[in-house]
Every structure is written in structure tokens, then in C-alpha cells.
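Trainee: Please work out how this folds:
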Amino acid sequence: MKSNWIPTNDYYGRLLTEPDVAKREQLYLDLFIRPWQQMMNMMQRPGMDSNDSFAGAKTWGWLLPHQTEQIAALLQKMEHANAWEIGEAAAAKAAARFAPYADRFNFDTFEGWLVLADPAFFANDPQPGYTGATDWFAPRYIGQFWEPDERNLPHLAGLVAHEMHHLVRFRVFPFNPQTTTVAEYIVLEGMAESFAAELFGEEVVGYYVTQFDDTMLDAAKSLIANGLHKTGFNVIRSYIFGDELAVQSGYEPLGGMPTYGGYAVGYHVVQAFLQRTGMSAAEATFVSADEIVAQSQFFA
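Mentor: Numbering: from 1, shown residues only. Predicted structure coming up:
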């Protein structure tokens, strides 16, 4: 398996050196929007102007081509931290780990992106300055930073591995908003984070695991234990993301689910499974969620 690391820092440099507004906007559309257009068309929020060429970028909170001062400031911070070099090396290492399983996929290259996001858009977001996502239509993933600092930049390699792992797991066990279960979703997230930790150490494990205390974990574990086989996208999101984000997003909170509870529980489930079986996270990628939950004995 190969990694194609997109030089988005060079893309931003091209934007910043283009004085003509119309040409800068066209560059942005060609370099950033066009590759993600199909995914963006699915993710736009209700009420957004369908004729707005930048609607998808606005939905995701990306810095836009007119925000040159913010782009320049964030770009400088990220480049000073060698973010693109770290991301590229992490992407290559993560892709190589799946080389023995290449015959199980209908693609041979993972495509990785880093994008600068707007701090104002994420002003009320609980995430500490960064997030990630995958493309549902292509083997492509993305990391977004809006407040790069000493808290989150050390997690960059883990972010890359986590999102890349989703691309593999989705090909083996396709995600379906109607039929995917809570168990499948927590294992999806827990396996991705375990893969990152296996490659780069526990120091890259995300805040959604490390900032969970025992009381929060017990509360999340109790709720998830009784909902493992529930389905429905909004239902499983309540288990994964917790009450606060459920209220913000307009779906029903469970009552007592901590923020990102499903991520934390999923990580501990997968870690228990790996310890009991001796499998690597890469090997366990091809094991069903029900088997992982059962063999982990986490809920026993």
C-alpha cells in the first residue's frame, strides 16, 4: 500500500502569493474544493446556498481564500512545527502496515490532506483545536487544525493513522447509516485509535480517551452495554458523541453519556481484545465487531 501526501502547504503558499482575488478564488476551487466536491455535496447544512461554490468549505469550517491573514498565521505555525513532514512520514508508515493485506482492497494508495480551519467556526466546539475525517467516495482522509499548539500538534501522527485506518475498516465492514450498530461504531473508533497507538505510542492517543476519568468511563460503559445492538444513525451518534453534542446537533441525548463516550469505551474494548488475543491492530481490523466485543469481555 502506498501513501500520496498532498502538499497543501504549497497550495496555501500559492494562494497567498496570488494578488488577484478572482484568480485566488479559482485556485482555491481547483486545489481544495474540486477533490472533495462529492463529499461536500453530501455534507452541506440545510439552508446553505446551493449556488455558493464555497458552501462545502464553509460547512466544514475551512479558511476561505479571502482570509489571507488567518491562512498566513496558521500556515506559519504549522510549518514551524514541521506538520507536513510529520504527517507525510506518519502516512507512509501507516500505509506500509497494511501492505500484507493489499489484496483485500480495490485500491493501492491512501491520499492524505492537511487543511487549515477557521477558529471562529469552531469557537464552541469541544475538540481541542483539531479534527479529522474520511471521504466516503475515495480512499482519502483529512486532518484539520484551527488552533495548532503544544496540546494537539503531538497528536498529528495519531490523527493520520486513525483516519487512514477508517478507510481500511470501511472497506472490510461498510458503514450503513440504517443498519450499523453501536457495537460496530465503537469498535470502528476504538480500532482506529488502537492502530495509531500501536504505530506511534500511547502519547498520540486522542483527548477523547486520555481526558476520560473512571467515573465518566463507568457511565459510558453502562449505557453502551445496554445499547450495543441498537441502530439508526442519530441513535448511534448519541452513544458515540454524548449528550452535549446530541443536543447541539438536534438528536436525542441518552441522559448521562459523557462527550465522546463511545470513543473512550471503544478504545478500551479493542485494547482488551488485543491483549487477550495477542493480535496486532492491523490483524484485528478484519475481525467483526461482535467478535471483538465478545472476546474482549469488557462488558462481562
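
Trainee: Provide the count of other residues in contact range of Ala55.
Mentor: 18 (other Cβ atoms under 10 Å). No exception for glycine: its C-beta is placed from N, CA and C like everyone else's.

Trainee: What is the burial count for Met78?
Mentor: For Met78, the tally of surrounding residues (other Cβ under 10 Å) stands at 22.

Trainee: Quick one: low-confidence residue ranges for the protein.
Mentor: Within the chain, the stretches falling below the threshold (pLDDT under 70) are 44-48.

Trainee: switch to 80 and redo it
Mentor: Within the chain, the stretches falling below the threshold (pLDDT under 80) are 43-50.

Trainee: any idea which strand is longest in it?
Mentor: strand 109-116 (DSSP state E).

Trainee: Any figure for the gap between the closest residue to Asn9 other than its chain neighbours and Phe32?
Mentor: Computed as Cβ to Cβ, 6 or more residues apart in numbering, the closest residue to Asn9 that is not its neighbour in sequence is Trp84, at 4.8 Å. Using Cβ to Cβ, to the nearest Å, Trp84 is found at 15 Å from Phe32.

Trainee: Show me which of those two is the more surrounded one.
Mentor: Counting neighbours by other Cβ under 10 Å for Trp84 and for Phe32 shows that Phe32 has the greater number, 24 against 20.

Trainee: what's near enough to touch the more buried one?
Mentor: Contacts of Phe32 were listed using Cβ atoms under 8 Å, 6 or more residues apart in numbering, and they are Thr8, Tyr11, Ala57, Trp62, Val115.

Trainee: give me that answer again for 10 Å
Mentor: Phe32 makes contact with 6, 8, 11-12, 15, 54, 56-57, 62-65, 113, 115 under the criterion Cβ atoms under 10 Å, 6 or more residues apart in numbering.

Trainee: and it, which of the three is it?
Mentor: Phe32 carries the three-state label helix when classified by DSSP: H, G, I helix; E, B strand; the rest coil.

Trainee: ok, and the closest non-adjacent residue to the residue most central in space within the chain?
Mentor: Centre of the chain computed as the mean C-alpha position; nearest residue by Cα atoms, centre = their mean is Gly132, 3.1 Å away. With Cβ to Cβ, 6+ apart as the criterion, Gly132 has its nearest non-adjacent residue at 4.3 Å, and that residue is Glu163.

Trainee: what about the one you found, which helix or strand?
Mentor: In the assignment (DSSP states H and E), Glu163 maps to helix 156-172.

Trainee: Now do the helix or strand just after that helix against helix 156-172, angle only.
Mentor: The first helix or strand that comes after helix 156-172 along the chain, using DSSP H and E, is helix 182-200. Orientation of helix 182-200 against helix 156-172 (axes from the mean of the first three to the mean of the last three Cα atoms, to 10 degrees) gives an angle of 140 degrees.

Trainee: Which strands or helices does helix 182-200 pack on?
Mentor: Using 3 or more Cβ pairs under 10 Å, 6 or more residues apart in numbering; DSSP states H and E as the contact test, the elements touching helix 182-200 are helix 83-97, helix 156-172, helix 207-210, helix 214-225, helix 233-241, helix 261-277, helix 281-284, helix 289-296.

Trainee: can we see that at 6 Å?
Mentor: Secondary structure elements in contact with helix 182-200, counted by 3 or more Cβ pairs under 6 Å, 6 or more residues apart in numbering; DSSP states H and E, are helix 156-172, helix 233-241, helix 261-277, helix 281-284, helix 289-296.

Trainee: Which residue ranges make up each domain of the chain?
Mentor: When the chain is parsed into structural domains using automatic domain parsing, the resulting residue ranges are 2-159, 177-296.

Trainee: Could you look over these and pick the most buried one?
Mentor: For those, average neighbour numbers computed from mean count of other Cβ atoms under 10 Å are highest in domain 177-296, which has a mean of 19.

Trainee: Start and end of that domain, how far apart?
Mentor: From the first residue to the last, domain 177-296 extends over 25 Å; the measure is Cα to Cα, to the nearest Å.

Trainee: Centre of the chain to stretch 3-12, how far?
Mentor: Averaging C-alpha positions (Cα atoms, centre = their mean, to the nearest Å) puts stretch 3-12 18 Å from its chain's average.
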